[in-house]
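Chemist: predicted model follows, preceded by the sequence.
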Amino acid sequence: MRKTAGSTLGVVTSVTLRVQHARRAECLAFVPFDERGAALRFVATLRDQARAAWESANERGIDIAAIEHMDARCLALLREDGADRAHGVAIPPEASIALLVTLELPPAIGAAQAFDEIGRARDRNAPDSPLVRFCRVLEAAGVLDRVEIAVPGDTVRRQQLLALREAVPSGVNARVGRAKQSIDRRIEKTAADMIVPFEHVGELMAIYDEQFRRRGLDAAVWGHISDGNLHPNVIPRSLADVESGRDAIREFGRAVRRLGGSPLAEHGVGRNPTKQALLRDMYGEEGIDEMRAVKRAIDPEWKMSPGVLFAST
């Protein structure tokens, strides 16, 4: 499912209930790559495997729930802040990108069985299980021996890997806060939330790289790479960096639309001037006025998510 800019109202017309199967077991894997192209090929393979699992009701393929990524600057932030050491995760110094893969497994699988399957994955007589298939995809990509993994039931390791991922935006926000306090009170968070079809993710990453490099900006990019949803964040050293970052985001928005995506993929549109500018770039004032008219007709008192997409005026 492709993400798009969030709406401001919703009307429930019907509800279908169904009994869910037993909750599936989850395995979390931190997978570092030295080269971004290899990581993108790996993600493409997992997307294909996830499609195969869906089409065969999990009799083949690999049920991948999510794949997130952290770029080289993100990994550097983790080292600078000591988050890698605090959470016991070894990040190879040569890694230029890391993935956090959430793999869903049959409900009955526990830690002992998971470790047994991982240990036997290189054995041609290993069971044809989703976890063995996953390990073999890792092996084909040349990264099986570098993976940090939390098997089902290992809640401590799972929380460590999740905390490592959350340490990235926390690290960026802390640097923004320090710059605001020590350099210029007008400095603020400068970030975007954009999505493109997966086949254009590599191109969008290259556009981010080029714009940030040309402008001399320090920036970190992370996001939901399997969805093509990337979050570029400027790490400001001056107010000029913030202003240049805003201009870069407008450039990104134009590139994303050209690639068939949306520059407003998730949230925060109505409370961010830069995202408001992106909204105007997408629809123009006339288009926004038409959306406001629809909202006023259904929500005349402006009670449903006020300010989430645009002001009430």
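Modeler: That came in fine, so what should we check first? Numbering: from 1, shown residues only.

Chemist: got the phi/psi numbers for Ala219?
Modeler: phi -150, psi 150 (degrees, to the nearest 10).

Chemist: nearest residue to it other than its sequence neighbours?
Modeler: Phe212 (4.5 Å; C-beta to C-beta, 6 or more residues apart in numbering). For every residue, glycine as well, the C-beta is placed using N, CA and C.

Chemist: what pLDDT does the model give the one you found?
Modeler: Per-residue pLDDT puts Phe212 at 98.

Chemist: then Leu17?
Modeler: 87.

Chemist: report how many residues lie close to it.
Modeler: Residues lying near Leu17 (other C-beta atoms under 10 Å) number 5.

Chemist: where along the stretch 201-313 of the chain do the helices fall?
Modeler: 201-215, 239-258, 273-298 (DSSP state H, counting those that start in this stretch).

Chemist: how about JSON lines for those helices, with distance to Ala86 and mean neighbour count added?
Modeler: Shown next, in JSON lines, are these (distance: least, C-beta to C-beta, whole Å; neighbours: other C-beta atoms under 10 Å):
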{"stretch": "helix 201-215", "distance to Ala86": "28", "mean neighbour count": "17"}
{"stretch": "helix 239-258", "distance to Ala86": "28", "mean neighbour count": "19"}
{"stretch": "helix 273-298", "distance to Ala86": "33", "mean neighbour count": "14"}
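
Chemist: in a markdown table, list those helices along with distance to Glu80.
Modeler: Converted to a markdown table, the helices of the stretch 201-313 of the chain look like this (distance: least, C-beta to C-beta, whole Å):
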| stretch | distance to Glu80 |
| --- | --- |
| helix 201-215 | 18 |
| helix 239-258 | 18 |
| helix 273-298 | 26 |
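
Chemist: tell me which of those lies nearest to His69.
Modeler: With C-beta to C-beta as the criterion, His69 lies closest to helix 201-215 of the helices of the stretch 201-313 of the chain, at 9.3 Å.

Chemist: chain center to that closest one, what's the gap?
Modeler: 17 Å (C-alpha atoms, centre = their mean, to the nearest Å).

Chemist: does anything pack onto it? Which helices or strands?
Modeler: helix 36-55, strand 219-224, strand 229-234, helix 239-258 (3 or more C-beta pairs under 8 Å, 6 or more residues apart in numbering; DSSP states H and E).

Chemist: okay, these in a markdown table with mean pLDDT and distance to Ala114 next?
Modeler: Formatted as a markdown table, these follow (pLDDT from 0 to 100; distance: least, C-beta to C-beta, whole Å):
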| stretch | mean pLDDT | distance to Ala114 |
| --- | --- | --- |
| helix 36-55 | 96 | 17 |
| strand 219-224 | 97 | 25 |
| strand 229-234 | 97 | 29 |
| helix 239-258 | 96 | 39 |
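
Chemist: in this protein, where is pLDDT below threshold?
Modeler: 1-10, 20-22, 312-313 (pLDDT under 70).

Chemist: name the element Val176 belongs to?
Modeler: helix 155-182 (DSSP states H and E).

Chemist: mind giving me the packing neighbours of the very next helix or strand once past that helix?
Modeler: Sequence order places strand 194-195 as the next helix or strand after helix 155-182, per DSSP H and E. Judged by 3+ C-beta pairs under 8 Å, 6+ apart, the packing partners of strand 194-195 are strand 229-234, helix 239-258.

Chemist: what comes into contact with the longest one?
Modeler: This points to helix 239-258. 183-184, 186-188, 190-192, 194-196, 204, 207-208, 211-212, 215-219, 232, 234-236, 262-263, 274, 277-278, 281-282 (C-beta atoms under 8 Å, 6 or more residues apart in numbering).

Chemist: right, I'll call it a day here.
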